[in-house]
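Student: what's the 3D shape of this:
(chains A and B)
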Amino acid sequence: MVEPLPPHAVTPLTLRVNGTTFRVVAPASRTLLEVLREDLGLTGTKHGCELGECGACTVLIDGEPALACLVLPVEVQGRKILTVEGLAGAALHPLQQAFVDYGALQCGYCTPGMLLAAKALLDRRPRPTREEIAEALSGNLCRCTGYLRIVEAVAAAAEGGHG
Amino acid sequence: MGEFAVIGRPRPRPDAAARATGRTRYAGDLTLPGQLWCRLVRSPLPHARLARIDTAAARALPGVAAVLTGRDLPTRYGILPVSQDEEVLCSEKVRYVGDPVAAVAAVDEETAAQAAALVQVDYVPLPAVFSVDDALRPEEEPIHPSGNLQRAVALEFGDVEEGFQVAAYVREDLFFYDGSTHLPLEEHAVLASYTPEGTLTVWSSTQTPHYLHRALSRVLQMPMERIRVIAAPVGGGFGGKSDVLNHEIAAAALSRVTGRPVKCVLTREEVFYAHRGRHPTVLWVRSGWTADGRITALHLRTWLDGGAYGSYGVATTYYSGALAPLTYRIPHYRFEGMRVFTNKPACGPKRGHGTPQPRFALECHLDKVAQELGLDPVDLRRRNLVAPFSTTVNWLRVTSCGLERCIDEVVGASGFLGKHRRLPRGRGVGFAVSGYLSGAGLPVYWNDLPHSQVHLAADRSGRVTLFSGAADIGQGSDAILVATAAEILGLSPEEILLVAGDTALTPIDLGSYSSRVTFMAGNAALQAAQRLRALVARGAAARLEAAAEDLVFAKRRVFVRGSPDRGLSWPEACAAAEATCGPLQASGAYTPPRLAGPYKGSGVGPSPAYSFSACVAQVAVDEETGEVRVEKVWLAHDIGRALNPLLVRGQIEGSVYMAVGEALLERQDYRGGAHRGPSMLDYKSPTVYEMPEVEAILVESVDPEGPFGAKECGQGPLLPVVPAIANAIYDAVGVRVDEVPVTPDMLLRALDRQRRGEDARVGPKVQPPASFGPLTRVRRPEGWA
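Tutor: Numbers count the residues shown, from 1 in each chain, chains lettered A, B, ... in the order given. Below you'll find the predicted structure:
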């Protein structure tokens, strides 16, 4: 039996994610978060609310933090999208290493979003104050750590020379 | 610390890098070929009879594979044997907004949502109740046939009347602790795959794979050995994923009828309605005191607003009374408590399970007593502290107890005595203490089996694999188990492979709840490692021509004590043992000692060991806006032994964070049964800005039964923070808000009354009906009479 296809409009997309260009056809209603996770299999970006409230789906678009659940992929075709999968090379990114070393993650679910929000900050302000770190992370919720170690880890990554 | 190579050293978790790189696969990240998506159809009414469900339009939608209703899954279930009151899909009536009535499986999420909207349901509305007082009034129809009073408890240890008669001072207070929810960042997710051979595999974001396994078997009427439950890494639990939830069974049932994998991910709104969070609780405390500040009697009443289903609530009810006598030497104690059904999402266990509410009430009450008696609040506690290795009046066996040291540490570090009643108006400090269990002494269903079991396997390559049924919910239990084995085997934790939370591969562990994993699974891992070490020692001893008891296991080598050169590498030692003993496997188990007292209900409260905490909170109150800022929290925790101080400090900071939310912000609030703001923006939780500085102090009492002397740290540190903040607010501005969260409007109301010279207290004024039933008198343990 041939399964009838659901009646969704689809859009062809060209997306540059983590240095690779992907061509996908996805339902037009899908957010960037859904396309990353469902169509590209990049599940490192997390969904916590899909309403732009928790920060778990933070990615960088041309270096600026954006909530992937509020972005339509057609808007960002051709722009540079960075997800947590693109952060580490052969070794961990200094921010990732600091999160590991300082116990800045527990369940780890907010971590990808936190890392990218922090990266955007350090790219802009390599030596941020604690207040600037707090401001940069204030849109990202974490229920496990109480944030203290996350702030510590970002500060340590900055002091260690942000790669 | 010199005696250990791994234990006691701060160390990143072996799984941290996977989590930091996005490689960790949570349940919602999993996909199987041919997978369908499930959506639940949920009731928009808080209480209604189901007149008719018509699924024809949903079934006719292209892409829909199946629609189930209550008739398809008639077996009821519930986490506790005493409350098997839940249906996967309601068959006759709905009991809260969000109660599911149908489940749809379709080719994608969008189609499933569309199909769910096409299910036609006719409801006959019934009167709904939303508070303990309303629920206890005779209604046309109770929420469950047994009535809205789900459970009432009345226990007396000693004779409180006698205790009050000898008291020079008696005081009573009434409090309210509002409900809050876990708000894990990860929305609950499940993926179920049924095969034509009759096997079912379920991946779920669960803290309790074993209990889910049992419920699936019961409702689907499949033998447990045909079902495999895999606990995916949990993206935040805090108790919210320790109950079995409808969507987990619905997805499995849909997979069985369609023969295809079925995935279900709750929306954030659904997570708010799934709930199982903190019970809103009214508390009344009465205590008697000698003139020099010694307690003569305590009488505690608790009224728990349970929501629509039982969940863990009977246990919560007992917990709301069981741990109050843990910290103080109370000679006479009466506890009366009840849990009542209301037409709201079910409450259940949230970090501290039933004990933050009475701890808040008791510690604020003691602050008032201290003031009346002219004692400082620290001194009042010191005069009444529980003694190590003693039995409380309600039969709790206390072993190691570092409470006094915790008090010394926080009072010293915070300079409490120099600040209390001395800071300028608007700033204040508050003090409180608490105790918590290191694992429940009894499982949720009666059996005489081990609570935790661990297998270890090794081979000639030196590979060691640890198999544990425990679920890591972010607290780092995986790291603790491998560290335990590594310490015994002379390896580093990263060298041990872990297989966890998979009922097909791992031995049964009861789950990640009641702060039990480090203590119980840790003890099982310790025993398994000691047994594996003995096997390897036998083989190595033969090869080295030495006595097995003379061998040292360190730095991935096995060598003769005093002659480091006479030794084998770890793989060589394993190979020697494989030659001598055959395949290298060893197992360990942990069963807590039988500790229940001689009365019904005594199964809740006993634990093989208790942790203790003391807290000082410093706050600043803005009298213009009513806002409270927690500036700093000093928290000393008797951890027994810190197996990994980095993780212990993380648990303490996380506990403080969650307590700040409960003290000042978080409220699971409803209007007409509908959540007032089921979103992360409307439900106020602390951001990085609200988080205070935390000074965590680890006190090590080295428990005789804990693994390496360890006790719990995941829940206990939350308990004293809430009352410490409330007491600090009083110290800052001299008004009592006997209710949490202390919101700006409450505080402004209290300050306004204070300015007008009225009684400034804000809080509940009238006790709900005291229908606790007949009092059971329990004899006191030896030494009390």
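Student: So for the helix of greatest length in chain A, mean pLDDT?
Tutor: Ranked by residue count, the top helix of chain A under DSSP state H comes out as helix A:111-124. Mean pLDDT, computed over helix A:111-124, is 98.
Student: And stretch B:433-449, by the same measure?
Tutor: Across stretch B:433-449, pLDDT averages out at 95.
Student: Go through the longest helix of chain A and flag the buried ones.
Tutor: Buried positions in helix A:111-124, judged by neighbour count with 16 or more other CB atoms under 10 Å in any protein chain shown: A:111-122. C-betas here are computed from N, CA, C, even on glycine.
Student: can you pull out the strands in chain A?
Tutor: Using DSSP state E, the strands of chain A run over A:10-17, A:20-27, A:58-61, A:64-67, A:80-82.
Student: give me the residue from the stretch 601-750 of chain B nearest chain A.
Tutor: Per CB to the nearest CB, B:Y657 is where the stretch 601-750 of chain B lies closest to chain A, at 3.2 Å.
Student: need the contact list for that residue.
Tutor: A:143, A:145-147, B:686, B:691 (CB atoms under 8 Å, 6 or more residues apart in numbering or on different chains).
Student: can you put the residues you listed in a markdown table and add pLDDT and neighbour count?
Tutor: Converted to a markdown table, the contacts of B:Y657 look like this (pLDDT from 0 to 100; neighbours: other CB atoms under 10 Å in any protein chain shown):
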| residue | pLDDT | neighbour count |
| --- | --- | --- |
| A:R143 | 98 | 27 |
| A:T145 | 98 | 28 |
| A:G146 | 98 | 29 |
| A:Y147 | 98 | 27 |
| B:P686 | 98 | 25 |
| B:M691 | 98 | 23 |
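Student: Which single residue of chain B ends up nearest chain A?
Tutor: Counting by CB to the nearest CB, chain B gets nearest chain A through B:G22, at 2.1 Å.
Student: excluding its backbone neighbours, what's nearest that residue?
Tutor: A:G44 (2.1 Å; CB to CB, 6 or more residues apart in numbering or on different chains).
Student: How about B:H188?
Tutor: Once flanking residues are discounted, B:H188 sits nearest to B:L266: 4.6 Å by CB to CB, 6+ apart.
Student: Counting neighbours, what do you get for the one you found?
Tutor: 22 (other CB atoms under 10 Å in any protein chain shown).
Student: roughly how far apart are it and B:D703?
Tutor: 38 Å (CB to CB, to the nearest Å).
Student: Count the neighbours of the spatially closest residue to B:R736 that is not a sequence neighbour for me.
Tutor: Once flanking residues are discounted, B:R736 sits nearest to B:R761: 4.6 Å by CB to CB, 6+ apart. Each residue near B:R761 was counted by other CB under 10 Å, and the total is 17.
Student: wait, what's in contact with B:R761?
Tutor: Neighbour list for B:R761: B:735-738, B:750 [criterion: CB under 8 Å, 6+ apart].
Student: How is chain B partitioned into domains?
Tutor: With domains defined by automatic domain parsing, chain B comprises B:33-126+B:185-236+B:241-274, B:281-442+B:597-755, B:450-590.
Student: right, so of the ones you listed, which gets closest to B:E172?
Tutor: Among those, domain B:281-442+B:597-755 comes nearest to B:E172, with 3.9 Å by CB to CB.
Student: measure the closest one end to end?
Tutor: End-to-end span of domain B:281-442+B:597-755 (CA to CA, to the nearest Å): 30 Å.
Student: I'd like the distance from that domain to the chain centre, please.
Tutor: Distance, stretch centre to chain centre, for domain B:281-442+B:597-755: 14 Å (CA atoms, centre = their mean, to the nearest Å).
Student: sorry, back to before: what's the neighbour count on the residue nearest to B:G22?
Tutor: Neighbourhood size, A:G44 [other CB under 10 Å]: 25.
Student: now swap in the one 4 residues further on and tell me
Tutor: Using other CB under 10 Å, A:G48 has 27 other residues around it.
Student: check contacts around it.
Tutor: A:54-57, A:109-110, A:141, B:185-187, B:268, B:680.
Student: Looking at these, which one is closest to B:G34?
Tutor: B:G34 lies nearest to B:E187 out of the contacts of A:G48, by CB to CB, at 23.2 Å.
Student: The closest one reaches B:C264, doesn't it?
Tutor: No - using CB atoms under 8 Å, B:E187 is not in contact with B:C264; the gap is 10.2 Å.
Student: between the two, which one's more packed in?
Tutor: B:C264 (30 against 27).
Student: Would you verify that that one is located in a strand?
Tutor: Yes - counting by DSSP: H, G, I helix; E, B strand; the rest coil, B:C264 is located in a strand.
Student: show me which of the buried residues of helix A:111-124 neighbour chain B.
Tutor: Checking these against chain B by CB under 8 Å from any CB of the partner chain, the ones in range are A:111-112, A:115.
Student: Just name the closest of those residues to B:D29, please.
Tutor: Checking those one by one against B:D29 (CB to CB), the nearest turns out to be A:P112, at 11.3 Å.
Student: can you pull the contacts of that closest one?
Tutor: A:44-46, A:56, A:58, A:83-84, B:22.
Student: got the contact list for the residue positioned nearest the centre of chain A?
Tutor: Nearest to the geometric centre of chain A sits A:V59, at 3.0 Å (CA atoms, centre = their mean). Applying CB under 8 Å, 6+ apart to A:V59 gives the contacts A:32, A:36, A:45, A:65-66, A:68, A:81-83, A:116.
Student: Check which residues of stretch B:280-300 are buried.
Tutor: Buried residues in stretch B:280-300 (16+ other CB under 10 Å): B:280-289, B:293-300.
Student: Span of that stretch from start to end?
Tutor: By CA to CA, the extent of stretch B:280-300 from end to end equals 16 Å.
Student: and the closest residue to A:E159 other than its chain neighbours, how many neighbours does it have?
Tutor: Spatial nearest neighbour of A:E159, chain neighbours left out: A:R127 (7.9 Å); criterion: CB to CB, 6+ apart. Applying other CB under 10 Å, we find 11 other residues in the vicinity of A:R127.
Student: Please apply the same query to B:G562.
Tutor: Residues within reach of B:G562, counting by other CB under 10 Å, total 8.
Student: Which of the contacts of A:P112 sits closest to B:G147?
Tutor: Nearest to B:G147 out of those is A:A56 (CB to CB; 42.3 Å).
Student: residues contacting the closest residue to chain B within chain A?
Tutor: In chain A, the residue that lies nearest chain B is A:G44 (2.1 Å; CB to the nearest CB). Counting by CB under 8 Å, 6+ apart, A:G44 makes contact with A:83-85, A:112, B:21-23.
Student: for those residues, which one is nearest B:A432?
Tutor: Proximity of those to B:A432 was ranked by CB to CB; the top entry is A:P112 with 36.6 Å.
Student: As CSV, could you dump the C-alpha coordinates of stretch B:247-266?
Tutor: The C-alpha coordinates for stretch B:247-266 follow below in CSV (Å, rounded to 0.1, in the frame of the first residue of the first chain):
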residue,chain,number,x,y,z
HIS,B,247,2.4,9.4,26.9
GLU,B,248,5.0,6.7,27.6
ILE,B,249,2.4,3.9,27.6
ALA,B,250,0.4,5.5,24.8
ALA,B,251,3.4,5.6,22.4
ALA,B,252,4.1,1.9,23.2
ALA,B,253,0.5,0.9,22.6
LEU,B,254,0.4,2.8,19.3
SER,B,255,3.6,1.1,18.2
ARG,B,256,2.0,-2.2,18.9
VAL,B,257,-1.1,-1.5,16.9
THR,B,258,0.8,0.0,13.9
GLY,B,259,3.9,-2.2,13.9
ARG,B,260,6.0,0.9,13.5
PRO,B,261,8.2,2.9,15.9
VAL,B,262,6.3,5.7,17.6
LYS,B,263,7.8,8.9,19.1
CYS,B,264,6.1,11.3,21.4
VAL,B,265,7.7,14.6,22.7
LEU,B,266,5.6,16.7,25.0
